[in-house]
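Colleague: sequence first, predicted model second:
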Amino acid sequence: MTDTPKTTNDSFAGLGLSEQILAALAAQNFTAPTPIQARAIPQLLAGRDMLGLAQTGTGKTGAFALPVIQHLLADPRRVRPFCTRALILAPTRELALQINDSIKKFSQGTGIRTVVILGGVGRSPQVDRMRRGTDIVIGTPGRLLDLMNTQELLLEQVSHFVLDEGDQMLDLGFIKDIRTILSRLPQKRQSMLFSATMPKEIGQLASSLLRDPVTVQVKAETATPDKIEQHVYFTDAPAKKRLLVTLLRDPALARVIVFTRTKRGADKVAEHLTASGINSDAIHGNKSQNARTRILDRFKAGESRVLVATDLAARGIHVTGITHVVNYELPNEPESYVHRIGRTARAGASGIAFAFCDPSERGFLKDIQRLTGVIMKVAGPVAANDQPDGVFHDIVEDEAPRAPRPPRAHAPANPGGAPGQDRPKRRGKRSGSGRRPRQNKAA
């Protein structure tokens with residue numbers, strides 16, 4: 001694998017994109033490429049296979065989608081029934097839908113057709129759309145295999161293949177399905193694999209999927225945005241529900257995402273908030289696709305004020321105007337904290353993040369503060385014997401904080417995600433006496 005040289009391109013026009021695509025980008029107010037777009041697009045336009053190491057939110061969707069669109073436009077050909085010319089695999093339904101939305105924006109006015117194939121919804125409409133053939137299919141492995149096995153999705157015309165969020169695919173146990181899909185792709189194709197991390201299994205998958213690939217890696221960011229105020233409440237686990245309801249009595253918490261570690265925990269928190277008169281919904285992997293779509297639509301429209309989510313369900317969810325993020329349970333991976341609070345303070349706006357820390361989570365909090373370099377302000381009254389030591393020695397107590405209203409978010413400058421969401425490498429030894437809860441990877 002070869003590395004790409006660093007580039008200084010600061011506009012899409014300098015990357016070799018066609019006038020038709022540049023016009024579509026301009027219409028969506030996408031003005032400057034992100035680092036991964038600037039480095040990946042010229043290589044992909046040249047036909048190279050690629051291993052991209054980048055987290056959600058770095059603009060990687062634009063990095064692979066724009067070259068694919070341009071290649072398809074440069075080689076117009078009739079698509080046979082049930083066939084597609086490009087196949088994009090995503091691990092979750094939300095991410096598949098987000099990729100589809102981005103491609104529609106990038107290809108506006110070009111006539112490029114897309115079909116989303118995923119489980120949790122009726123298959124008949126998807127089959128009907130495939131009957132006419134399509135340029136690009138975006139889907140999750142399970143439903144894709146279902147249609148492949150019934151010959152309602154044929155891969156014989158695929159010239160471009162993208163596997164997105166490779167490490168998450170492995171976490172969810174999709175490796176067998178992926179290898180089955182790969183075995184049915186044409187040998188002559190351009191392939192791209194994107195992953196946030198590079199475990200041994202991803203290296204093995206890349207070796208079997210890619211031919212003489214170029215590697216593009218976006219430098220991991222460990223810092224949290226400066227415009228996010230970060231506060232921590234030290235509390236016992238049973239008191240967290242009461243504390244959350246108390247905070248939500250402040251109308252400044254206008255649009256809030258609350259993070260839990262498990263699906264069951266998300267349901268319990270949402271039920272408690274609803275019983276307390278606070279409009280809220282839980283979103284996680286046990287919800288059907290129709291239910292998840294309705295929940296997101298309600299949240300975006302302001303009909304529900306609070307969205308309670310697991311980490312996995314929240315990946316790929318980008319909602320503007322999030323005023324606050326509440327870490328109801330601290331993640332046992334500090335990188336997840338950076339990803340969580342990045343849901344607020346987008347597009348130049350400010351935001352506030354609260355962390356609830358019970359005694360068993362002190363080690364998680366120390367790991368987070370080591371990683372980010374930010375000492376969270378202690379919010380609310382704290383008993384003298386509850387003041388932690390070690391990395392907390394610089395904490396400043398903040399009495400009864402009030403959450404200011406962040407200004408409205410502006411239109412994004414970069415397609416396919418906002419920068420600053422790369423998953424950093426782990427640093428430092430874990431500490432703290434608390435026992436670490438198990439991560440629910442099927443959330």
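Modeller: Now that the structure is in, tell me what you want to look at.

Colleague: for the rest of this, base every contact and every neighbour count on C-alpha atoms.
Modeller: OK.

Colleague: domains of this protein?
Modeller: 2-217, 228-398 (automatic domain parsing).

Colleague: need these in TSV (columns: mean pLDDT and mean neighbour count).
Modeller: TSV is the format used below for those (pLDDT from 0 to 100; neighbours: other CA atoms under 10 Å):
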stretch	mean pLDDT	mean neighbour count
domain 2-217	91	19
domain 228-398	83	19
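
Colleague: pretty sure A353 sits against R340.
Modeller: No - using CA atoms under 8 Å, A353 is not in contact with R340, being 9.1 Å away.

Colleague: need the overlap of contacts for the two.
Modeller: V325 (CA atoms under 8 Å, 6 or more residues apart in numbering).

Colleague: in contact with the nearest residue to R80 once chain neighbours are set aside, which residues?
Modeller: Ranked by CA to CA, 6 or more residues apart in numbering and with sequence neighbours excluded, the top spatial neighbour of R80 is G133, at 5.6 Å. By CA under 8 Å, 6+ apart, the contact set of G133 is V79, R80, P81, F82, C83, T84.

Colleague: please report the distance of the first one from D135.
Modeller: In this case it means V79. Using CA to CA, to the nearest Å, we find V79 at a distance of 7 Å from D135.

Colleague: same question, the fourth one
Modeller: For F82, the distance to D135 (CA to CA) stands at 11 Å.

Colleague: before we move on, the earlier item: mind listing the shared neighbours of V79 and D135?
Modeller: R85.

Colleague: next one: stretch 120-137 to chain centre, how far?
Modeller: Stretch 120-137 has its C-alpha centroid displaced from the chain centroid by 25 Å (CA atoms, centre = their mean, to the nearest Å).

Colleague: okay, how far is it across that stretch, tip to tip?
Modeller: 17 Å.

Colleague: can you tell me how far the residue nearest to C357 when sequence neighbours are not counted sits from V378?
Modeller: In this structure, C357 finds its nearest non-sequential neighbour in F234, 5.0 Å apart by CA to CA, 6+ apart. F234 is 8 Å from V378, where distance means CA to CA.

Colleague: report the distance from stretch 175-187 to the chain centre.
Modeller: Distance, centroid of stretch 175-187 to centroid of chain: 24 Å (CA atoms, centre = their mean).

Colleague: and for it, what are the contacting residues?
Modeller: P141, G142, L145, L155, E156, Q157, V158, S159, M169, L209.

Colleague: surely the fourth one meets P81?
Modeller: No - taking CA under 8 Å as the contact criterion, L155 and P81 are not neighbours in contact, 11.0 Å apart.

Colleague: just the element for A26, please.
Modeller: Assigned by DSSP states H and E, A26 belongs to helix 19-27.
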